[in-house]
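A.B. asks: Sharing a sequence plus its predicted fold:
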Amino acid sequence: MARSRAGAPPRAGYAHQSGTAAGPYALHDFFLYYTVRYGYRPAKIFELAVMAFDGLFDGATIKKWLGVFCRRFFSQQFKRNCLSDGVGIGSVGLSPRGGWQMPSDAAAAEWQKEIDAIEI
């Protein structure tokens, strides 16, 4: 089983997470932060990401992974609704009892339309 210690280089015989299958972690973290912390819509998040990642990711790449993030974030809400109570870290959490509140049957269709309308 591949494991990596947080913040440490991988040990011999262990794989390091690269984020290739899931997408760039920097982008997903950025999208999550601005979605949950500020409640920004996709067009605003895209605009901020283009400025923040200038020279690292082009607009097409940001748009692609914003769409992936949106689909995953909405489709996995049911998992957050059945979370047990836990410790809150920081001022934002995804627990439906004290932080992020979203119905488990919420659909990403409106957000996806907004992402699709973004001109690069």
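C.D. replies: Yep, it's here.

A.B. asks: Can you read off the pLDDT for Gln77?
C.D. replies: On pLDDT, Gln77 comes in at 63.

A.B. asks: next one: the one 4 residues further on
C.D. replies: At Asn81, the pLDDT value in this model is 53.

A.B. asks: count of residues packed around Tyr40?
C.D. replies: Tyr40 is flanked by 16 other residues according to other CB atoms under 10 Å. C-beta: built from backbone N, CA, C; applies to glycine.

A.B. asks: Test my guess that it contacts Leu48.
C.D. replies: Yes. Using CB atoms under 8 Å, Tyr40 makes contact with Leu48 at a distance of 7.5 Å.

A.B. asks: What residues sit buried inside the longest helix along the chain?
C.D. replies: Determined from DSSP state H, the single longest helix within the chain is helix 59-75. The neighbour-count check on helix 59-75 (16 or more other CB atoms under 10 Å) flags Thr61, Ile62, Lys63, Trp65, Leu66, Gly67, Val68, Phe69, Cys70, Phe73, Phe74 as buried.

A.B. asks: Much appreciated, bye for now.
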